[in-house]
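Participant: Predicted model and sequence below, questions to follow.
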Amino acid sequence: MKKAFLQLHLAVFLAGFTGILGRLISMNEGMIVWYRLLFTTITMALLYGLSKKIKRLPVKDLLQVGAVGFIAAMHWVTFYGSIKYANVSVALVCFSSIGFFTAIFEPIILRKQINRIELILGLMTICGIFIIFHFDTQYKTGIIIGVVSALLAALFPIYNRQFLKRMNVETMLTWQQLGGFITLSALLPFYLNAFPVDNFLPGPEDLFWLLILSWFCSVIAFRFSSNALKRLSAFTVNLTYNLEPVYGILLAFIVFGENKMLSKWFYFGFAVIALALIIHVFMLISYEKKILKESGSV
């Protein structure tokens, strides 16, 4: 159990580390994601292909999984764009608004009733972001891109949960990464025309960080989280992933000293968001106790 819990925290830590790598890599956001998808797709195809965990899918499923892969790719492009136009801390604060968009999109897509409490908590995070947006005018472009990134990030987990009812996770992830890579590759000429780069190929330092991003923050992070999920409850996993923005912001403070660049309004807005996350944690704990009580009474 302790090993599983450690693996889960390592997975969340690695997820939070993606923001740091996004700033360390000098390439623009489109190229970062293109290379991330390239290396991750090759690695997963080899790793899961050799272990025969990748299954063939009907054409309809392939197209649907590939389309969600494109949404995920656009989420990463906008996430790294938010970092480039603002900083890691601001991008991760904007990422916290994923709860608000999930509370809206999940009931619409799955045709279920809206959870009013989750919607209210999501609105609290939006209020926190608005405080930063209104008073820290230097980050407006980065905040807008970051909110778009959170909107996209709210979509693909909803669809993924439906996919996993009819395919294993290795199959879904490998085809999804490939779908994201193919669709992003098709758009890349237009993207580079709008945002030209001096060099298409990464330098040695950028290549090193890109491989770290692909292998550790994608492939290994997934491996850790899937191993943990076999031994830990979904409640524990969801609770721990609330720490992702916290880990990322603390890393940004340590590595880049971003705490010296942020105004008091950032901290005030983040405090509002943190309060929403704390309330959500207590909600999850209360829900887990209710489930345990009901299961114990059967």
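Facilitator: All right, it came through fine. Numbers count the residues shown, from 1 in each chain.
Participant: nearest residue to Met261 other than its sequence neighbours?
Facilitator: Excluding its sequence neighbours, the residue lying closest to Met261 (CB to CB, 6 or more residues apart in numbering) is Asn87, at 6.7 Å. C-betas here are computed from N, CA, C, even on glycine.
Participant: where does that neighbour land on pLDDT?
Facilitator: Turning to Asn87, the model gives it a pLDDT of 90.
Participant: Extract the residue ranges of the stretch 151-298 of the chain that are flagged as low pLDDT.
Facilitator: Along the stretch 151-298 of the chain, segments meeting pLDDT under 70 span 226-242, 284, 287-288, 291, 295-298.
Participant: ok, the residue nearest to Met261 - contacts?
Facilitator: Contacts for Asn87 (CB atoms under 8 Å, 6 or more residues apart in numbering) come out as 23, 139, 142, 252, 256, 258, 261.
Participant: let's go with 10 Å and repeat that
Facilitator: Under the criterion of CB atoms under 10 Å, 6 or more residues apart in numbering, the neighbours of Asn87 are 19, 23, 93, 138-139, 142, 249, 252, 256, 258, 261-262, 266.
Participant: now whatever helix or strand Glu294 lives in, how far from the centre of its chain.
Facilitator: Using DSSP states H and E, Glu294 sits within helix 264-297. Between the centre of helix 264-297 and the centre of its chain there are 19 Å (CA atoms, centre = their mean, to the nearest Å).
Participant: all numbers from here: first residue = 34
Facilitator: That works, and once the first residue is 34, the last one we named lands at helix 297-330.
Participant: In that helix, which of the residues would be classed as buried?
Facilitator: 299, 302-303, 305-307, 309-310, 313, 317, 321 (16 or more other CB atoms under 10 Å).
Participant: With stretch 151-169 instead?
Facilitator: For stretch 151-169, a neighbour-count test (16+ other CB under 10 Å) marks 151-152, 154-155, 157-159, 161-162, 164-166, 169 as buried.
Participant: And stretch 110-126, by the same measure?
Facilitator: So for stretch 110-126, counting by 16+ other CB under 10 Å, buried means 110-126.
Participant: what does stretch 66-75 give?
Facilitator: Buried positions in stretch 66-75, judged by neighbour count with 16+ other CB under 10 Å: 66-74.
Participant: just to revisit the earlier point, now that we have the contacts of Asn120, which of them are buried?
Facilitator: 52, 56, 126, 172, 175, 282, 285, 289, 291, 295, 299.
Participant: Was I right to think Ser115 contacts Val121?
Facilitator: Yes - the pair Ser115 / Val121 is scored as a contact, 9.1 Å apart, by CB atoms under 10 Å.
Participant: okay, and the common contacts of these two?
Facilitator: Common contact partners of Ser115 and Val121 (CB under 10 Å, 6+ apart): 52, 55.
Participant: will you turn the buried residues of stretch 66-75 into a markdown table that also has distance to Asn226?
Facilitator: Formatted as a markdown table, those follow (distance: CB to CB, whole Å):
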| residue | distance to Asn226 |
| --- | --- |
| Val66 | 17 |
| Trp67 | 15 |
| Tyr68 | 19 |
| Arg69 | 21 |
| Leu70 | 20 |
| Leu71 | 20 |
| Phe72 | 24 |
| Thr73 | 25 |
| Thr74 | 24 |
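Participant: Among those, name the ones in strands.
Facilitator: Nothing among those maps onto strands, per DSSP state E.
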